[in-house]
Structure formats: C-alpha cells, structure tokens
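Colleague: Structure for this input, please:
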Amino acid sequence: MQNDSDIQLMLSFRDGDKNAFRELYDKHKKRVINYCFRFCGNRSVAEDMAQETFLRVLKAARRYEPTARFSTWLFKIASNVCLNELRRPRYRNPTESLEEEREDGKEGFREAVTSDTDRDFAFNEMDSVVRKALGALPDKQRAALLLRIDGEFSYREIGEQIHCSENHVKILIYRARQQLKETLALVKGESI
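Modeller: This next block holds a predicted model:
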C-alpha cells in the first residue's frame, strides 16, 4: 500500500507540498465529477459535489493516515458528500418520471429508429432512461453499484466507503442490478 503513488502525494501534501495536492486533484477530478454526476444526474451539482469532496480532502490533510488506497479514501469522502446531497429536500420528491414527455415535446425512446441520427437519439434516450433508473435506486444501492462499476473498487473497499460490511455490499449491488434489470425491462417492453 505504501507504494501507492497517490498516498505518497497525499503524505507530501500533508507535509506542506501544495503541488502534490494539485497533482492529486488533476489526476482524480474527472473521476470524482463523473461519480457524482452518476449519483445526482446534474452536471452542475456534480461539479459542486466534487469541489466539496476536494475541500474535505484539504481540511482532512493534517489528519490523513494511509490505512487504505488513496482512491478508497477519496471516494469514501465523495460518497458521503453525495449521500448528504441526496438528503436535501429537492431530492425527496422527484418530479420526473421515466414515462414523461421530453421538454422538447418528443415522445422519447418510443420513436422508431431509422437512421444514424435516430440511432444516436435513441442511444441518448436510453442513456437518459438508465440515468433515471439509477436515480431511482436507494442511495446506498446506487453508491455501492457506482463504486463497483465506475470506481472498480473491491467489495471490502466499498464497504469501508459506505460504512457497511462486505456481505452487505454484495447484497446492495445484487439488489441494485435486479432493480435496474426490472426497470429497464419495463421501459423496453413499453417502447416496443
């Protein structure tokens, strides 16, 4: 674990090397933003959450001890920021449905796919449906699934990040995948 270059950078930052933090930020910024975006579905909010994540890294630097990979520690912070954000009132009563018409008045994924442009549109629509289905998952299921898929973390690391046992992480991911399959099967069945 001490061979982890990110740990060495974080220890250097903890000891006063500001350029080490810049390197860590540049290296992980995009992954953290993408993780936050998949969590909330809003690019602007995701960027704010990523910024909050790195602010917390800054504040915690003096207390940092390398007990796991740096990325495990970083995404634990990001998961906490995302879960805290989702506790805000604006997320409690989602107003958008998988079946609503789009803002531009089009029917959505139910349109026939006849050309490359239509295929691109259909792909974008399906991506939107998947994002909405992810957004409908319970918070811990979504966090566990995204950390496993996007972050490629082990079950143990995910458990450390979201404060639960390795076995519970496996259950969360299984249930999330099952719920996604059911939701996407429903949407696919409706689009035929």
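
Colleague: Regarding this protein, what is its longest helix?
Modeller: helix 166-191 (DSSP state H).

Colleague: Counting by contacts, list what that one packs against.
Modeller: helix 116-136, helix 139-149, helix 155-162 (3 or more CB pairs under 8 Å, 6 or more residues apart in numbering; DSSP states H and E). (Glycine included, C-beta is placed from N, CA and C.)

Colleague: out of these, nearest to Ile77?
Modeller: helix 155-162 (8.6 Å; CB to CB).

Colleague: what's the weakest-modelled helix or strand in the protein?
Modeller: helix 116-136 (a mean of 63; mean pLDDT, DSSP states H and E).

Colleague: now the longest helix of the chain, how far from the chain's geometric center?
Modeller: 16 Å (CA atoms, centre = their mean, to the nearest Å).

Colleague: Now do it against helix 155-162, angle only.
Modeller: With axes from the mean of the first three to the mean of the last three CA atoms, to 10 degrees applied, the angle from helix 166-191 to helix 155-162 works out at 90 degrees.

Colleague: could you give the angle of helix 166-191 to helix 139-149?
Modeller: Inter-element angle recorded for helix 166-191 and helix 139-149: 90 degrees (by the same axes, to 10 degrees).

Colleague: For helix 166-191, which residues meet the burial criterion?
Modeller: His168, Val169, Leu172, Ile173, Arg175, Ala176, Gln179, Leu180, Thr183, Val187 (16 or more other CB atoms under 10 Å).

Colleague: ok, now stretch 63-81?
Modeller: Quick answer for stretch 63-81 (16+ other CB under 10 Å): 66, 68-81.

Colleague: just how off-centre is that stretch within its chain?
Modeller: 15 Å.

Colleague: which residues are in contact with it?
Modeller: Counting by CB atoms under 8 Å, 6 or more residues apart in numbering, stretch 63-81 makes contact with 1-2, 4, 6-7, 9-11, 14, 24, 28, 32, 35-36, 49-50, 52-53, 56-57, 60, 143, 147, 151, 153, 157, 160-162, all of which sit outside it.

Colleague: and with 6 Å instead?
Modeller: Outside stretch 63-81, the residues that touch it by CB atoms under 6 Å, 6 or more residues apart in numbering are 4, 6-7, 10, 14, 28, 32, 35, 49, 52-53, 56, 143, 151, 157, 161-162.

Colleague: Just give me the neighbour total for Gln51.
Modeller: 15 (other CB atoms under 10 Å).

Colleague: Give me the distance between it and Leu83.
Modeller: 17 Å (CB to CB, to the nearest Å).

Colleague: Same check on Gly16?
Modeller: From Gly16 to Leu83 the distance is 32 Å (CB to CB).

Colleague: Specify which residue of those two has the higher count of neighbours.
Modeller: Set Gly16 next to Leu83 and count neighbours by other CB under 10 Å: Leu83 wins out with 16 against 8.
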